[in-house]
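>>> Here is a sequence together with a model predicted from it:
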Amino acid sequence: MALEVQFFGQLTDKTGKSTVQLNHATNLIQLKEILFKEFPLLKESKFVIAINNKMATDTSEIPEHAVIALMPPFSGG
Amino acid sequence: MALEVQFFGQLTDKTGKSTVQLNHATNLIQLKEILFKEFPLLKESKFVIAINNKMATDTSEIPEHAVIALMPPFSGG
Amino acid sequence: MQLKNIFMEGSIPPSFIADSIAKHASKTGIGGHNIFLGQVRADEIEGKKVFAIEYTSNIEMALEKMHEIRESIFAKYEITCMHVHHSLGKVNAGELCLFVFTSSKHRKVAIDACTECVERIKAELPVWGKELFEGEGYQWKVNS
Amino acid sequence: MQLKNIFMEGSIPPSFIADSIAKHASKTGIGGHNIFLGQVRADEIEGKKVFAIEYTSNIEMALEKMHEIRESIFAKYEITCMHVHHSLGKVNAGELCLFVFTSSKHRKVAIDACTECVERIKAELPVWGKELFEGEGYQWKVNS
């Protein structure tokens, strides 16, 4: 259990849960492959990813014990 | 007593009163002559004039028993 | 025609604003409200400090003009409602003298309508403010 | 760094807004306040009526982002203060879910700062609204 992945908003409908624990993935490309295999509905979803509360890109490295947040388009207010 | 002339805002400082009764004047040019004679400080003041609550110009005719308002620049709010 | 009275004696209490907001809870088509509040500043002019503004108006003309502004703003913007309140008489520094409140389905409409209403009130309503100095003296307010 | 909490559980009561306004009476350099209020609409979508919105957030990230927005708006506009409150959890149609409050010496500054703040909140804060339908069902809110 090296990573925590959190889902927000409508993504929780696609995954059926708000958080999963994953073994380590070195970058987001690899992480998304793992997630898409477990939650195929995520593939069609729009979202941005934050690593430890910082917005990340596909090539961002993932530190040990990181908290990863998958966030769909915001709709506050 | 055919006309009522009302002064507003800083104009009351120039005239020392908020209203005067005047004999008839046919138009505003004539009215201003009368007022400037009685209240010379008005001459240096900026104001617009309304006749019976409608904005007027120098050549506007003045009906009998009209209420004339001399209003300096607005400063509400 | 019965003109809506926008004037109230003295300052506008915050509780009055809360009541006005609460009245809109039944209008469930509204998505955004915009409120502008004018507050009397304790400006210092050549060493003298404003402690209050005393407002007077050509009331009848002001209400007619406000009616005209209201009509033209309702024609231009898709607002659900618009409320305007302006003080007459003395309002102390720190107290509220103007309350403009617009509501609409969409936020931008409410904001734009409110802003335009405030500008027109300041420029077009025959209202005058006398800035009273602490101690004695006064000067007539000038709108920018 | 201690981040300011903008979130409150449930709707924002009008009395809370009045209290917030009243607190500014001692700031006698303020000439204008602008307030934006978001209200939950009872929209009808394909025959189903929204009776409430349930808000969730990535709270920590939202507070960091709000801090960043606050700093940049204070840098850009000469405002005296800015207050932001956003609901979490269920807010019924007709109730208030967002309260943005800016104050400045001059009205235009307060209005512009408030408007920019509202736009940025809607676009940049990780907050999600779930529109709950009467009877059953829901849909996820989309910001325009």
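Structure received. Everything numeric in this text was worked out from a predicted model, so none of it was measured. Residues are numbered from 1 along each chain as shown, chains lettered A, B, ... in the order given.
>>> Sticking with residue C:71, tell me its helix or strand.
Assigned by DSSP states H and E, residue C:71 belongs to helix C:59-76.
>>> Does anything pack onto that helix? Which helices or strands?
strand C:7-9, strand C:79-92, helix C:107-124 (3 or more Cβ pairs under 8 Å, 6 or more residues apart in numbering or on different chains; DSSP states H and E). (Each C-beta comes from the backbone N, C-alpha and C, glycine too.)
>>> for those, which one sits closest to residue B:18?
For the helices and strands packed on helix C:59-76, proximity to residue B:18 was assessed by Cβ to Cβ; strand C:79-92 is nearest, at 14.7 Å.
>>> Just checking the one helix or strand in chain C whose mean pLDDT sits lowest against chain B, any contact.
None of the helices or strands of chain C scores lower by mean pLDDT, DSSP states H and E than strand C:44-45, at a mean of 94. No - Strand C:44-45 stays clear of chain B (Cβ under 8 Å from any Cβ of the partner chain), getting no nearer than 14.5 Å.
>>> and that strand, does that touch chain D?
No - Strand C:44-45 stays clear of chain D (Cβ under 8 Å from any Cβ), getting no nearer than 10.1 Å.
>>> just checking, next helix/strand downstream of that strand?
Counting by DSSP H and E, what follows strand C:44-45 is strand C:48-57.
>>> Check chain A for the residue nearest chain C and tell me.
residue A:77 (8.0 Å; Cβ to the nearest Cβ).
>>> and that residue, what does it touch?
Applying Cβ atoms under 8 Å, 6 or more residues apart in numbering or on different chains to residue A:77 gives the contacts C:107, D:38, D:86, D:97, D:98, D:118, D:121, D:122, D:127, D:143.
>>> 7 Å - rerun?
D:38, D:97, D:98, D:121, D:122, D:143 (Cβ atoms under 7 Å, 6 or more residues apart in numbering or on different chains).
>>> What are the contacting residues of the least confident helix or strand of chain C?
When contacts are defined by Cβ under 7 Å, 6+ apart, strand C:44-45 is touched by residues residue C:139.
>>> Specify the stretch among the helices and strands packed on helix C:59-76 that is closest to chain B.
Per Cβ to the nearest Cβ, nearest to chain B of these: helix C:107-124, 4.5 Å.
>>> all strands for chain A, in order.
In chain A, the strands defined using DSSP state E lie at A:3-7, A:19-22, A:48-51, A:54-55, A:67-71.
>>> winner for burial among those strands?
strand A:67-71 (a mean of 22; mean count of other Cβ atoms under 10 Å in any protein chain shown).
>>> Does chain D have contacts with that strand?
Yes - legend: contact between strand A:67-71 and chain D by Cβ under 7 Å from any Cβ of the partner chain is shown at A:69, A:71.
>>> can you give me the helices for chain A?
A:11-15, A:28-38 (DSSP state H).
>>> Tabulate these (TSV), appending mean pLDDT, distance to residue B:26 and mean neighbour count.
Output for these, formatted as TSV (pLDDT from 0 to 100; distance: least, Cβ to Cβ, whole Å; neighbours: other Cβ atoms under 10 Å in any protein chain shown):
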stretch	mean pLDDT	distance to residue B:26	mean neighbour count
helix A:11-15	97	80	18
helix A:28-38	95	86	15
